[in-house]
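S.K.: Provided below are the primary sequence and the corresponding predicted coordinates.
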Amino acid sequence: MLWYKVAYQLTLHDISLIVGPNRTEKTKFLYEQYQGQPFVLDVSKAKIAYCGGDTRITDEEWTEMSERDCPFIGVDDAHLLTPPDLLKLVDMAMETKKRLYMTCNETFVAQLPELLSHVKMRRRSLVKLERLTDTDVCAWTLADV
């Protein structure tokens with residue numbers, strides 16, 4: 001697994017996008033960040049999305065996210081979320097003083113301009129960690145404070 005090469009970037013930024021195609025161990029990398037804490041993804045909508053369901057984050061999920069004792073919010077398959085939910089995740093991370101870690105695939109590029117604008121407006125930093133090949137993982141700072 002190559003993700004460990006850029007793991008230090010998670011501590012440098014408020015928000016991390018972990019990008020790569022399916023089966024690139026993005027979720028496993030996210031799991032490793034729990035370091036002994038119970039592994040709970042705050043948001044994971046893949047099963048619902050692939051069945052044609054509603055991928056909006058529910059009120060119950062928002063409440064659980066805000067109350068969970070963990071230094072970050074973990075989101076799997078962020079490319080499946082609605083744009084308003086993505087922006088609200090940034091706000092929630094800021095309000096709860098948590099980092100925001102989101103895995104996604106390359107289709108996330110459609111949501112990136114709106115997300116970047118919101119992140120910059122909130123004066124947060126954002127890094128994109130991406131697996132480019134079987135041997136290359138890179139990090140790009142997309143927004144900095």
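M.R.: Sure, I can see it. Quantities reported herein were computed from a predicted structural model and do not represent experimental measurements.
S.K.: tell me which element the most centrally placed residue in the chain falls in.
M.R.: By CA atoms, centre = their mean, the mean C-alpha position of the chain lies nearest to residue 102, the distance being 1.0 Å. Following DSSP states H and E, one finds residue 102 within strand 99-104.
S.K.: Tell me which other helices or strands that strand touches.
M.R.: strand 15-19, helix 26-32, strand 72-76, helix 83-96 (3 or more CB pairs under 8 Å, 6 or more residues apart in numbering; DSSP states H and E). C-beta here means a position set from N, CA and C on the backbone, and glycine is covered the same way.
S.K.: And the pLDDT for residue 53?
M.R.: Note for residue 53: predicted pLDDT of 90.
S.K.: if I look at residue 113, how far off is residue 119?
M.R.: 11 Å (CB to CB, to the nearest Å).
S.K.: More neighbours: which of the two?
M.R.: residue 119 (25 against 9; other CB atoms under 10 Å).
S.K.: show me the contacts for that one.
M.R.: Residues near residue 119 by CB atoms under 8 Å, 6 or more residues apart in numbering: 14-15, 90, 125-126, 142-143.
S.K.: so who does residue 21 touch?
M.R.: 105-106, 131.
S.K.: Out of those, which is nearest to residue 5?
M.R.: The shortest approach to residue 5 among these belongs to residue 131, at 9.9 Å (CB to CB).
S.K.: Torsion angles phi and psi at the closest residue to the closest one other than its chain neighbours?
M.R.: Once flanking residues are discounted, residue 131 sits nearest to residue 20: 3.8 Å by CB to CB, 6 or more residues apart in numbering. Torsion angles at residue 20 (phi, psi; degrees, to the nearest 10) stand at phi 180, psi 160.
S.K.: so residue 20 touches residue 28, yeah?
M.R.: No: using CB atoms under 8 Å, residue 20 is not in contact with residue 28; the gap is 11.3 Å.
S.K.: and these two? which has more neighbours close in?
M.R.: Per other CB under 10 Å, whichever of residue 20 and residue 28 has more neighbours is residue 20, with 20 against 11.
S.K.: On the pLDDT front, check that one for me.
M.R.: At residue 20, pLDDT is 83.
S.K.: Next up, the contacts around it.
M.R.: If you count contacts by CB under 8 Å, 6+ apart, then residue 20 has 26, 105, 130-131 around it.
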